[in-house]
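Student: Give me the fold of what follows.
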Amino acid sequence: MEVASRLFYKQGYNSTGINQIIEEAGIARGSLYNHFPSKRDLLTAYIQAMEESSVAEWDEVIAGIKDPRKKILAIYDICIDRQIRSDFGGCPFIKVGSEIPCEDVGAFEMINKQKNADKSYFEKLIKELYLTNAEYADKELLAATLFLLMEGAMVTSTIAKDLQPLRNARKIAETLL
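Tutor: So this is what the prediction gives:
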C-alpha cells in the first residue's frame, strides 16, 4: 500500500501499473492480489489512507492552538508546508479525480466525501469562532468561502509551482476573519 500510494501520488493513478507496484514493493503477485483483488481496490485503499492522514495532520497541528482564527490560518500553513514537502504535488484527491473515468461513481463519491469533510472542518472552526459573537450570521457561507479559497489556491499553486497563491489565500482568509 505504501508503494502504491507513493506512486499514485507522484506519477498518477493511470500511469502506475500493477507490475511496477509489485516490483518496487518486492512482493509476489499473489500477495498483492490476496489483499487487493484489483488496481481499483488499491485506489479505494489509497483514497481512504489519504483521507485519514489529511484529517490527522489537521487535528495534530491545530490541537495546541486556542484561538479559532489561528486554527483556520494554520490550515493554510499546512497546505503551504505540503506543497513544499511534495515539491508542488498538489491535492491527492484532485489529482485522482482528474484521472478516473466519469463512470467510476464510487471513486467520485469517496473524493466528494473527503472534500465535504474538509468544508465541514472549516464550518466547525467558524462556529467555534462565532460561538459567542452573532455579528456574522452566515457561518456556512464564510466556511465555504474559506474552503474554496484554499482549494483554488492549492490548484493554482500546483500548476504554477509557486507558493504565492497559497500565501495570498492565507492573507485573504486573515482579512475575511
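Student: counting contacts, what elements does the helix or strand harbouring residue 94 pack onto?
Tutor: Per DSSP states H and E: residue 94 is located in helix 92-99. Contact partners of helix 92-99 among helices and strands, from 3 or more CB pairs under 8 Å, 6 or more residues apart in numbering; DSSP states H and E: helix 2-11, helix 39-62, helix 105-129, helix 139-160. Placement of C-beta: from N, CA and C, glycine included.
Student: wait, what's in contact with residue 110?
Tutor: 44, 47, 48, 51 (CB atoms under 8 Å, 6 or more residues apart in numbering).
Student: Residue 20 and residue 7 touch, don't they?
Tutor: Yes - taking CB atoms under 8 Å as the definition, residue 20 is a contact partner of residue 7 at 6.6 Å.
Student: Same drill for those two, tell me which one is more crowded.
Tutor: residue 7 (20 against 14; other CB atoms under 10 Å).
Student: And the more buried one, how far from residue 46?
Tutor: 10 Å (CB to CB, to the nearest Å).
Student: Need phi/psi at residue 66.
Tutor: Per-residue torsions, residue 66: phi -90, psi -40 (degrees, to the nearest 10).
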